[in-house]
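**Student:** give the three-dimensional model of this entry:
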Amino acid sequence: MLDGPPGLRGNLTNYGDSGFALFLRKAFIKGSGYTDDALDRTVVGIVDTGSGFNPCHGNMPQLIEAVKRGVMLAGGLPVEFPTISVHEAFSQPTSMFLRNLMSMDTEEMIRALPVDAVVLIGGCDKTVPAQLMGAASAGKPAIQLVTGSMLTGSHRGVRVGACTDCRAFWGRYRAEEVDEEEIAEVNGRLVGSVGTCSVAGTASTMACVAEALGVSLPGSATPPAVTADRTRFAEMTGTRAVEMAHEGLTVDRILTRGAFENALRVLLALGGSTNGLVHLAAVAGRLGYSLDLDRFDAMSKETPVLVDLKPAGDHYMEDLHRAGGVPRLLLELRDLLNTDELTVTGRTLGEELDRAAAPFPQEVIRARSAPVYPAGGIAVLRGNLAPNGAIIKQAAADPGLMEHQGRAVVFEDSEDLARRIDDEDLDVTPEDVLVLRGIGPIGAPGMPEAGYIPIPRKLARQGVKDMVRVSDGRMSGTAAGTIVLHVSPESAAGGPLALVRDGDTIRLSISERLIHLDVSEDELAARSQEPPRAAAPRPGRGYRKLYVDHVNQAEQGCDFDFLRSETDRGAVPGAPSAPEADGGGTHV
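**Tutor:** Numbering: from 1, shown residues only. Below you'll find the predicted structure:
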């Protein structure tokens with residue numbers, strides 16, 4: 001046997017006889033044609049999330065082969081294994097509903113299998129968070145490889161890409177500015193190749209966030225899925241996984257408080273998806289950290305949006321890659337970052353930035369003196385409508401609606417919204433505030449991206465492009481608008497959103513960080529005593545019951561309560577000069 005990580009000797013099946021367990025394991029795997037020399041090497045597991053229902057992972061076979069090549073070049077034995085695959089457009093009721101299940105699948109397979117290190121290959125919205133959550137809990141050396149973004153397409157001479165342009169064209173179609181023929185034509189032009197959305201949606205956001213966390217190789221977040229750069233990074237990731245196994249570089253040494261602060265900083269400077277905040281809260285919870293929304297908001301006020309990327313800007317992910325990618329953005333933010341944090345390279349973030357390519361002229365990543373937006377992309381709101389907080393993607397909101405007061409038009413749930421939003425008799429004006437409840441973590445269940453409430457058709461035909469919208473759900477990172485999200489507690493958990501009635505006045509003030517229902521406390525108390533509206537019966541079995549019984553609220557990451565770390569390590573962002581708690585982030 002070679003010195004170093006245990007390889008196939010690790011995680012032996014419990015037969016009460018470890019020698020026999022290893023003998024039996026090697027006998028079976030030799031049936032696949034392996035030699036003793038191969039089986040004595042460091043084992044790198046490669047997580048395969050390929051699926052015919054997941055075009056975001058359509059380059060999975062090529063990536064796996066490149067990772068294998070890298071592992072073997074470093075003297076290791078690559079072994080791929082599957083976990084469930086989750087795609088945003090092919091997951092009912094929502095991919096968020098399945099994220100925690102995927103994280104459990106990932107964690108338990110890493111724990112069960114004889115892997116010395118693992119390469120996590122994911123891309124579509126909830127897959128990278130799920131993999132990081134599972135790997136954080138499993139506690140072995142792990143390195144993230146994203147599948148990469150799709151190429152853009154072209155429609156009648158104009159560059160387009162999923163999925164901000166999907167929403168823009170659909171909005172125009174609803175407003176009858178685009179006819180049936182053109183909407184069918186553009187449907188085949190929006191997605192230029194396999195890969196994840198080509199804008200600052202959740203997938204691209206989490207790719208950049210993973211690099212900022214230090215769990216993926218520098219520069220690896222932005223190469224499009226079908227490029228040589230993407231394949232080269234896959235090979236390098238495999239090689240580095242073997243080295244991490246020998247170094248014992250476990251994930252808890254990388255995912256520190258300082259690393260999470262760096263990731264939150266990049267989320268803001270990127271103008272990234274609001275979903276990124278929920279996912280970072282969930283990953284942090286696996287290491288024992290709790291998200292402090294007020295400190296995050298203070299960070300937002302000092303972190304401008306620097307990346308000109310849709311939906312807050314005009315460019316696409318392939319442009320961000322050509323502009324220097326995440327390393328270039330980190331250089332612009334360097335004095336705001338924790339540069340002593342360790343990365344998967346075995347070097348600190350500061351050392352990696354010292355090695356980064358020198359800046360060159362480009363138009364996608366701005367200097368802090370000329371930002372896309374002067375503050376962070378996300379603002380935190382509080383008030384009697386959201387005692388535990390709510391958020392808004394201020395960089396993608398209408399400036400004219402950031403201070404607004406209007407009459408509530410209330411929808412009980414997604415079905416009620418679908419039934420009435422386009423009714424010509426709907427009592428609604430452009431100054432009203434659209435309210436959608438019942439779409440939180442418990443209420444839906446799964447907190448769908450229905451928070452992007454469509455403009456009522458009769459208003460869309462009048463040219464209305466934006467309205468203030470409020471919900472306890474999420475919206476896609478590809479979407480834009482003056483939309484208050486993640487209202488907590490959600491209505492299904494007894495939050496004040498359940499007490500709003502048609503005609504109530506709601507006030508939004510981003511300058512005051514306020515979302516307020518202009519109803520007296522006495523009246524709200526009286527409403528809370530009224531018989532509750534008929535709700536859908538709670539599920540009685542299966543994963544849906546597990547989800548509803550144990551999911552927590554948005555500010556806690558919508559994770560299951562029993563999956564959070566048993567060790568409390570404090571808040572992120574931390575208070576100035578807050579010390580890192582002792583001990584690793586893994587738990588049992």
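**Student:** for this protein, what's the longest strand?
**Tutor:** strand 403-411 (DSSP state E).
**Student:** what average pLDDT does stretch 48-67 get?
**Tutor:** The average pLDDT within stretch 48-67 is 98.
**Student:** on that earlier part again, pull out the buried residues from the longest strand of the chain.
**Tutor:** For strand 403-411, burial by neighbour count (16 or more other Cβ atoms under 10 Å) applies to H404, G406, A408, V409, V410, F411. In short, each C-beta sits where N, CA and C put it, glycine included.
**Student:** center of the protein - which residue?
**Tutor:** Among the residues of the chain, the one closest to the centroid is G276, at 4.1 Å (Cα atoms, centre = their mean).
**Student:** next one: whichever strand or helix holds it to chain centre, how far?
**Tutor:** In this assignment (DSSP states H and E), G276 forms part of helix 275-286. How far helix 275-286 lies from its chain's middle: 8 Å, per Cα atoms, centre = their mean, to the nearest Å.
**Student:** which secondary structure elements does that helix sit against?
**Tutor:** Applying 3 or more Cβ pairs under 8 Å, 6 or more residues apart in numbering; DSSP states H and E, we find helix 275-286 packed against helix 127-138, helix 202-213, helix 257-270, strand 289-291.
**Student:** starting at the chain centroid, how far to the last one?
**Tutor:** Pointing back at strand 289-291 there. How far strand 289-291 lies from its chain's middle: 16 Å, per Cα atoms, centre = their mean.
**Student:** name the residues that touch it?
**Tutor:** The contact list for strand 289-291 (Cβ atoms under 8 Å, 6 or more residues apart in numbering) reads 257, 260, 277, 280-281, 284, 555-557, 568-572.
**Student:** need the helices and strands packed on helix 275-286 in CSV (columns: mean neighbour count).
**Tutor:** CSV is the format used below for the helices and strands packed on helix 275-286 (neighbours: other Cβ atoms under 10 Å):
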stretch, mean neighbour count
helix 127-138, 29
helix 202-213, 30
helix 257-270, 26
strand 289-291, 22
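**Student:** just put the ones you listed in CSV and tack on distance to A375.
**Tutor:** Shown next, in CSV, are those (distance: least, Cβ to Cβ, whole Å):
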stretch, distance to A375
helix 127-138, 25
helix 202-213, 18
helix 257-270, 8
strand 289-291, 19
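**Student:** can you pull out the low-pLDDT segments for the stretch 451-588 of the chain?
**Tutor:** For the stretch 451-588 of the chain, the stretches with pLDDT under 70 are 577-588.
**Student:** swap the cut-off to 80 and go again
**Tutor:** Under the criterion pLDDT under 80, the flagged ranges of the stretch 451-588 of the chain are 532-536, 576-588.
**Student:** what of the chain?
**Tutor:** Low-confidence segments of the chain (pLDDT under 80): 1-4, 532-536, 576-588.
**Student:** buried sites along the longest helix seen in it?
**Tutor:** Ranked by residue count and defined by DSSP state H, the top helix of the chain is helix 228-247. With burial defined by 16+ other Cβ under 10 Å, the residues of helix 228-247 counted as buried are 230-231, 233-246.
**Student:** nearest to A418, out of those: which one, please.
**Tutor:** Closest approach to A418 among those (Cβ to Cβ): R230, at 38.4 Å.
**Student:** distance of that closest one relative to M150?
**Tutor:** 11 Å (Cβ to Cβ, to the nearest Å).
**Student:** quick one: the helices in the stretch 351-500 of the chain?
**Tutor:** With DSSP state H, counting those that start in this stretch, the ranges of helices along the stretch 351-500 of the chain come out as 414-420, 457-460.
**Student:** reformat the ones you listed as CSV; add mean neighbour count and distance to G75.
**Tutor:** Output for these, formatted as CSV (neighbours: other Cβ atoms under 10 Å; distance: least, Cβ to Cβ, whole Å):
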stretch, mean neighbour count, distance to G75
helix 414-420, 15, 53
helix 457-460, 17, 61
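**Student:** hmm, back to that, which of the helices and strands packed on helix 275-286 sits closest to P445?
**Tutor:** For P445, the closest of those is helix 127-138, at 16.7 Å, according to Cβ to Cβ.
**Student:** if we can go back for a sec, list the contacts of the longest strand of the chain.
**Tutor:** 417, 420-421, 426-429, 431-437, 453, 468, 482, 500-511, 517-518.
**Student:** and stretch 326-343, by the same measure?
**Tutor:** Residues from elsewhere that reach stretch 326-343 (Cβ under 8 Å, 6+ apart): 208, 211-212, 214-215, 218-219, 221-222, 249, 253-254, 256, 258-259, 261-262, 265-266, 269-270, 302-303, 306-307, 348-350, 352-353, 356-357, 359, 362, 365-368.
**Student:** are any of the residues you listed buried, and if so which?
**Tutor:** For the contacts of stretch 326-343, buried by 16+ other Cβ under 10 Å: 208, 211-212, 214-215, 218-219, 221-222, 249, 253-254, 256, 258-259, 261-262, 265-266, 269-270, 303, 306-307, 348-350, 352-353, 356, 365-366.
**Student:** if we can go back for a sec, now the contacts of strand 403-411: which count as buried?
**Tutor:** Neighbour counting over the contacts of strand 403-411 (16+ other Cβ under 10 Å) leaves 417, 421, 428, 432-437, 453, 468, 482, 500, 504, 506-508, 510, 517 as the buried ones.
**Student:** the stretch 401-550 of the chain: strands as residue ranges?
**Tutor:** Here the stretch 401-550 of the chain has its strands, by DSSP state E, counting those that start in this stretch, at 403-411, 433-436, 468-471, 483-488, 505-509, 514-517.
**Student:** elements contacting the fifth one?
**Tutor:** So the one you mean is strand 505-509. Here strand 505-509 touches strand 403-411, strand 433-436, strand 468-471, strand 514-517, going by 3+ Cβ pairs under 8 Å, 6+ apart.
**Student:** and if we set it to 7 Å?
**Tutor:** strand 403-411, strand 514-517 (3 or more Cβ pairs under 7 Å, 6 or more residues apart in numbering; DSSP states H and E).
**Student:** for that strand, what is the distance to the chain centroid?
**Tutor:** Relative to its chain's centre, strand 505-509 lies at 28 Å (Cα atoms, centre = their mean).
**Student:** again, but for the fourth one
**Tutor:** In terms of Cα atoms, centre = their mean, the centre of strand 483-488 is found 16 Å from the chain centre.
**Student:** just checking: what are the partner strands of that strand?
**Tutor:** According to DSSP bridges, strand 483-488 has the following sheet partners: strand 386-392 (antiparallel), strand 468-471 (parallel).
**Student:** likewise for the longest one?
**Tutor:** Here strand 403-411 has these sheet partners by DSSP bridges: strand 433-436 (parallel), strand 505-509 (antiparallel).
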